[in-house]
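> Predicted model and sequence below, questions to follow.
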Amino acid sequence: MRAVLWDMDGTLIESEKLWDISMGELCRKLGGEMTPELRTALVGGAADATMRMIFTALELEPDPERMASENDWLHEYTGELFQTGLIWCDGAQEMLAQLAAAQVPMALVTNTIRSLTDQALKTIGTHWFTESVCGDEVPAGKPAPDPYLRAAELLGVEPRECLAIEDSATGAAAAEAAGCAVLVVPNHVEVPANDRRRHVATLLGLTADDLRLAHADVLTATTCKPI
C-alpha cells in the first residue's frame, strides 16, 4: 500500500445528511418528493447523473438548460448547508492523522464539484492531501474509474498500490474499475461484498497497519483466486 485515496461525502464527513436536505428541497421545488429508494440510488453519484435520475423519477422533460439551472441551485443550497453543518465521520480524522504520521501519501477523490469540495476542505483541512480530484475535473465521475485513475496518476503510483476508502457502492465500483483495493465503511447504504472489497463497521479504533493488511488481503485474494 503506497497511497490511500479517500472519498469525501459519507466517508470523511457526515455530509450525506445535508445532501438529504438539499435534494429533498430540490424535489419539492420541482413539484415532487424524494423517495427513500431514489435517495439510496443517488448516494455517491456524480452531479450530471444525479440530475438525470431526479428528472426521470419525477417524470420531467430532461431539458438540458433547466437541468443545468437546477443543478446550480442544488449546489448553491448545499453550499449554504456546508457552512454550518459539517461534522467528521467516526474515526476519520484520527485515521488521517495516523496515515500522515506514517508518511503515507493521500488524495481526496470525490464526485462533489470543486467549489463545494473546497468549502468542505475548510473543515477537513487541505494539509492532509497531496492531491485532490473532483467530479467536475474528469471526463466521467464515479462509478467510472476516471477520478481514481487521475488521483493515482497525480500521486505517481499504480492504482493496485492504492487503498480506496469508500462508503457507497458507486464509489467502490469506481475504485475497483480503476484497479484499486477498497475498504468499505458503510454509512447510509448497504455496499455488497466482493473480492476487491474489505468491510469494516467504522474507522474508529483502526490503525494504519490495519489498512495495510486490508490492502494486502485484497491483492492476495485477487491474484491467487482459483480458476
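That came through fine. Residues are numbered from 1 along each chain as shown.

> Quick check, Ile13 in contact with Leu96.
No - with contact defined as Cβ atoms under 8 Å, Ile13 does not reach Leu96; the gap is 11.4 Å. Heads up, the C-betas are built off the backbone N, CA and C, glycines and all.

> show me the contacts for Val200.
Leu183, Val184, Val185, Leu206, Ala214 (Cβ atoms under 8 Å, 6 or more residues apart in numbering).

> now for these, which pair is the farthest apart?
Val184 and Leu206 (12.9 Å; Cβ to Cβ).

> which parts of the lengthiest helix in the chain are buried?
In the chain, taking DSSP state H as the definition, the longest helix is helix 64-85. Using 16 or more other Cβ atoms under 10 Å as the test for burial, helix 64-85 gives Met67, Glu70, Asn71, Leu74, His75, Tyr77, Thr78, Gly79, Leu81, Phe82.

> For Gly141, see how far away Ile113 is.
Ile113 sits 10 Å away from Gly141, going by Cβ to Cβ, to the nearest Å.

> Same drill for these two, tell me which one is more crowded.
Gly141 (27 against 19; other Cβ atoms under 10 Å).

> Check what pLDDT Gly141 gets.
On pLDDT, Gly141 comes in at 93.

> Helix, strand or coil: sort out it for me.
coil (DSSP: H, G, I helix; E, B strand; the rest coil).

> now Leu183
strand.

> burial count for it?
24.

> That one bridge partners, please.
On the basis of DSSP bridges, Leu183 is bridged to Ile165, Arg198.

> Which residues lie in contact with it in this structure?
Contacts of Leu183 (Cβ under 8 Å, 6+ apart): Leu163, Ala164, Ile165, Glu166, Arg197, Arg198, His199, Val200, Leu211, Ala214, His215.

> Fine by me, we can end here.
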